[in-house]
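following is a predicted model, sequence given first.
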Amino acid sequence: MQIGDPVWIFGAGEHGESSATTLAERIDTVGEEILTRLTSRVRRIVVR
């Protein structure tokens, strides 16, 4: 992996990633907290 390579932090699982809800359950919180803790330094691309 190199700087600039795309990564999937969470999503629908198409790339092996977990959902925000699954990640939240692992750390005993809610999915909304996972989403709101991302800083503006993380570039977001929403794919539908």
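Cool, got the structure.

enumerate the positions of the lowest-mean-pLDDT helix or strand in the chain that are buried.
Ranked by mean pLDDT, DSSP states H and E, the weakest helix or strand in the chain is helix 31-36, scoring a mean of 86. The neighbour-count check on helix 31-36 (16 or more other Cβ atoms under 10 Å) flags Ile34 as buried. To be clear about C-beta, it is placed using only N, CA and C from the backbone, and glycine gets the same treatment.

just give me how far that helix sits from the chain centre.
Centroid displacement of helix 31-36 relative to its chain, using Cα atoms, centre = their mean, to the nearest Å, is 9 Å.

which other residues reach it?
For helix 31-36, contacts defined as Cβ atoms under 8 Å, 6 or more residues apart in numbering pick out 10, 19-21, 23-24.

from those, which would you call buried?
Neighbour counting over those (16+ other Cβ under 10 Å) leaves 10, 20, 23-24 as the buried ones.
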